[in-house]
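> I'd like to go over a predicted model; first the sequence, then the structure.
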Amino acid sequence: MKLTVAEKIIKNHIMTGNIEKGTEIGLKIDQTITQDSTGTMAYLQFEAMGIGKVKTKKSVAYIDHNMLQTGPENADDHLYIQTVAKKHGIYFSKPGNGICHQVHLERFGVPGQTLLGSDSHTPTCGGMGMLAIGAGGLDVAVAMAGGEYYITMPQIVKVELKGKLKPGTSAKDIILEVLRRCKVKGGLNKIFEYGGEGIEYLTVPERATITNMGAELGATTSIFPSDEVTYEFLKAQGREKDYTEILADDNADYDEIIEIDLDKLESLVACPHSPDNVVPVSALKHIKVDQVAIGSCTNSSYVDLMKVAKILEGKTIAENVSLVISPGSKQVLNMLAENGALAKLISAGARILESGCGPCIGMGQAPSTKGVSLRTFNRNFKGRSGTSSANVYLASPEVAAVSVIKGYITNPIEYMGNVDAQMPEEFLINDNLIISPIESDFDVEVIRGPNIKPFPQNKSLGKEIADKVLIKVEDDITTDHIMPSNAKLLPYRSNIPYLSDYCLAPCDPDFSKRAKELGGGIIVGGYNYGQGSSREHAALVPLYLGIKAVIAKSFARIHKQNLINNGIVPLEFHDMDDYNNIDVFDELILEDIPTQIEMDTVILKNKTKNQEYKLVLDITNRQRNMIKAGGLLNLIKSQLLREELVYNA
Ligand code: MIC
Ligand code: SF4
């Protein structure tokens with residue numbers, strides 16, 4: 001059988017099921033990553049499983065999101081993560097070392113291995129030929145405990161890159177083109193595998209820009225082969241021993257092929273408020289910018305920032321613009337400092353931020369009221385920047401750098417001149433902010449600050465759900481709507497009761513109050529409900545508020561899994577018109593749950609309207625058991641209990 005790159009890795013890691021499209025498969029996970037905004041919860045859940053050392057080949061805990069310390073909360077979480085990591089055999093990447101995805105690519109990723117991360121942009125490491133998947137924290141905790149990770153065996157889409165990029169265009173334009181064509185729902189249950197002669201000219205960090213932003217397609221993951229380019233990158237990182245070649249077989253079978261002619265590709269921009277709202281930059285007429293932000297896990301590599309430094313050399317940023325730059329890692333920042341590029345950026349007027357997520361997750365640098373911000377990031381959902389009236393555009397570092405000089409969104413094509421930034425033959429290697437795990441954990445005390453509150457746990461499902469609809473929302477609701485994250489709320493990621501006041505607030509500020517008054521209820525959503533982040537807080541907080549079920553036209557992959565992991569029933573409309581028949585405060589009843597939960601379609605009664613709806617319960621038997629038990633943790637505990645009873649009998 002001829003196999004694709006992804007299929008080869010899946011074949012080497014499959015523990016349950018067969019490589020049959022659309023069926024559930026369980027994968028062995030080699031490496032895990034967590035970051036601080038999802039990590040605290042993941043480690044609390046890992047601790048609840050009572051496991052000693054992690055069972056993975058390598059697990060790394062990063063601090064990169066909650067970097068603003070306006071009170072003790074973030075610092076307390078960092079201390080908890082550092083100590084819990086030490087106790088359980090996990091590497092710890094200190095604040096300042098960089099964004100998890102960038103650092104993992106540089107220092108830890110291994111082609112051919114599987115990586116599970118509690119962050120939706122984990123597929124970044126697909127740029128070096130890893131099968132890298134984003135998941136909720138609980139799934140990552142299970143993987144650290146040695147458990148499999150389950151996915152629906154995806155369709156494999158080949159993205160054939162033909163020709164070579166023109167000056168002024170770059171990897172960001174390739175992924176923006178894929179988003180323009182496939183849209184934010186287009187990648188559900190698909191892996192995007194890149195090939196064709198065009199990949200030869202893309203370095204690993206450039207490939208990683210593409211696989212990173214594949215998350216915005218809703219894809220399971222994106223991947224490049226591991227080839228000579230991968231070898232060169234690993235060698236430059238002093239890690240050539242980690243190299244394995246992984247190429248697709250000739251004539252491997254793909255479910256779909258997308259061709260992109262790189263010679264014809266123009267510089268593109270994603271307009272407010274969705275990463276798939278893509279137009280050529282040439283189509284935008286004199287859009288004045290107030291802020292340009294360069295960084296994030298999509299575009300903050302050494303080559304990206306060198307290009308920016310070369311474009312800005314000897315220039316001054318426009319009077320009306322503020323330029324902020326957050327380098328992806330300490331390695332990048334250190335190298336820019338040593339070769340003088342940092343001085344050029346500062347001299348042009350850049351405000352240099354620390355290496356971390358920063359403005360990408362609204363940790364500072366919120367734009368002015370109705371401000372226009374041009375960012376090299378991956379998400380421009382409304383309000384994510386911290387300013388709900390801001391208009392955020394996404395583009396390449398080239399577009400960002402030229403626009404910051406001009407003061408309005410500008411096509412870089414005429415300004416590229418001799419701008420040529422190459423990947424270095426040797427990166428500067430200094431891992432002094434990475435704390436390695438220790439053999440003996442006897443003396444390690446896990447330190448828990450007062451902000452760390454217990455996470456909510458569900459009960460096993462009763463005989464029926466009879467509850468009111470608390471809110472009805474439209475299509476493409478993101479996890480940033482369900483559980484907003486900004487500088488004010490991020491410090492409370494380990495405090496679900498506190499966060500609960502803000503649940504779905506961008507859609508309806510009274511939602512949380514209503515949920516609390518009525519003691520819970522049901523959410524009704526449109527297509528692609530829960531797109532975006534992997535944050536399981538978008539399930540944990542609704543669970544805390546008593547949400548029993550979410551009924552939507554369709555769900556985003558990670559969020560649906562997070563709902564199931566927490567015992568919340570994800571139901572999909574069979575007949576989309578029924579969405580229009582349901583209103584807020586309607587009383588809905590799902591009767592005879594013990595029977596209905598085993599079915600692929602269920603009947604829901606609307607007592608208020610005296611109607612009945614057919615709904616789809618598209619979950620596997622394993623997931624049915626999880627929901628019946630009231631979530632994955634309960635299921636694991638009951639399994640462990642059973643094993644213990646057998647053992648003691
Ligand atoms: C994001 O980009 O939305 C985040 C913040 O990195 C999230 C993780 C989180 O919510 O903590 C993600 O992408 O999963
Ligand atoms: Fe951090 Fe932004 Fe990347 Fe999320 S998308 S990991 S917030 S840099």
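On my side now, so go ahead. Residues are numbered from 1 along each chain as shown. Ligands and ions are numbered 1, 2, ... in the order given.

> show me where the stretch 301-450 of the chain has strands.
Counting by DSSP state E, counting those that start in this stretch, the stretch 301-450 of the chain has strands at residues 322-325, 351-352, 372-375, 391-394, 434-435.

> and the closest residue to Arg351 other than its chain neighbours, what does it touch?
Once flanking residues are discounted, Arg351 sits nearest to Val324: 4.8 Å by CB to CB, 6 or more residues apart in numbering. From N, CA and C alone the C-beta is placed, and that goes for glycine too. Listed by CB atoms under 8 Å, 6 or more residues apart in numbering, the contact set of Val324 reads 291-295, 350-351, 353, 358-359, 365.

> what's the closest of the strands of the stretch 301-450 of the chain to Gln561?
When those are ranked by distance to Gln561, counting by CB to CB, first place goes to strand 391-394 at 26.3 Å.

> go ahead and confirm Val303 touches Leu202.
No: Val303 sits out of contact with Leu202 when judged by CB atoms under 8 Å, with a separation of 10.4 Å.

> the residue of the stretch 251-400 of the chain found nearest ligand 1: what's it in contact with?
Scanning the stretch 251-400 of the chain for the residue nearest ligand 1 gives Ile361, at 4.6 Å (criterion: CB to the nearest ligand atom). When contacts are counted by CB under 8 Å, 6+ apart, Ile361 touches 37, 65, 384, 485-486, 490.

> repeat that with 10 Å
35, 37, 64-67, 296, 377, 379, 384-386, 480, 485-487, 490, 533 (CB atoms under 10 Å, 6 or more residues apart in numbering).

> same check, this time on Ala466
Listed by CB under 10 Å, 6+ apart, the contact set of Ala466 reads 522, 548, 587-591, 605, 607.

> next one: Gly371
By CB under 10 Å, 6+ apart, Gly371 lies in contact with 289-291, 322, 385, 387, 389-392.

> rerun at 6 Å
Residues counted as contacts of Gly371 (CB atoms under 6 Å, 6 or more residues apart in numbering) are 290, 390.

> one more: Val332?
For Val332, the contact set (CB under 6 Å, 6+ apart) comprises Tyr302.

> got it, and the one 5 residues further on?
Contacts for Ala337 were tallied using CB under 6 Å, 6+ apart; there are none.

> list only buried entries from the contacts of Ile361.
With neighbours counted using 16 or more other CB atoms under 10 Å, the contacts of Ile361 contain these buried positions: 35, 37, 64-67, 296, 377, 379, 384-386, 480, 485-487, 490, 533.

> those: which ones sit near ligand 1?
Checking those against ligand 1 by CB under 6 Å from any ligand atom, the ones in range are 37, 65, 485, 533.

> near ligand 2, which residues of the stretch 101-250 of the chain are found?
Close to ligand 2, as judged by CB under 6 Å from any ligand atom, the stretch 101-250 of the chain has residues 119, 121.

> in the stretch 101-250 of the chain, which residue sits nearest ligand 1?
Checked against ligand 1 (CB to the nearest ligand atom), the nearest residue in the stretch 101-250 of the chain is Ser120, 3.6 Å away.

> thinking again about what came up before, with mean pLDDT added, can I get the strands of the stretch 301-450 of the chain in a markdown table?
Compiled in a markdown table, these are given as follows (pLDDT from 0 to 100):
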| stretch | mean pLDDT |
| --- | --- |
| strand 322-325 | 98 |
| strand 351-352 | 98 |
| strand 372-375 | 98 |
| strand 391-394 | 98 |
| strand 434-435 | 98 |
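
> buried subset of the contacts of Ala466 as a ChimeraX selection?
Applying 16+ other CB under 10 Å to the contacts of Ala466 leaves a buried subset, and the ChimeraX line that selects it is:
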select :522,548,588,590,605
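
> adding secondary structure, pLDDT and distance to ligand 2, write the contacts of Ala466 out as TSV.
As requested, those are arranged in TSV below (DSSP: H, G, I helix; E, B strand; the rest coil; pLDDT from 0 to 100; distance: CB to the nearest ligand atom, whole Å):
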residue	secondary structure	pLDDT	distance to ligand 2
Ile522	strand	98	30
Lys548	strand	97	30
Glu587	strand	98	39
Leu588	strand	98	35
Ile589	strand	98	39
Leu590	strand	98	35
Glu591	coil	97	41
Lys605	strand	98	41
Lys607	coil	98	42
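
> one step back: list the beta-bridge partners for the residue nearest to Arg351.
The bridge-partner assignment for Val324, based on DSSP bridges, gives Ala293, Arg351.

> and it, how far from Asp508?
Val324 sits 32 Å away from Asp508, taking CB to CB, to the nearest Å as the criterion.

> contact partners for the residue nearest to the spatial centre of the chain?
Centre of the chain computed as the mean C-alpha position; nearest residue by CA atoms, centre = their mean is Ser120, 1.5 Å away. For Ser120, the residues meeting the contact criterion (CB under 6 Å, 6+ apart) are 134, 215, 533-534.

> can you rerun that using 10 Å?
Applying CB under 10 Å, 6+ apart to Ser120 gives the contacts 38, 133-136, 212, 215-216, 218, 378-379, 479, 531-535, 556-559.

> for Gly362, same thing?
Applying CB under 10 Å, 6+ apart, one finds that Gly362 lies in contact with 68, 383-387, 480, 484-490.

> if we go to 7 Å?
The neighbourhood of Gly362, defined by CB atoms under 7 Å, 6 or more residues apart in numbering, consists of 384-386, 485-487.

> TSV for these, including distance to Thr601?
Compiled in TSV, the contacts of Gly362 are given as follows (distance: CB to CB, whole Å):
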residue	distance to Thr601
Arg384	36
Ser385	41
Gly386	42
Ser485	35
Asn486	39
Ala487	44
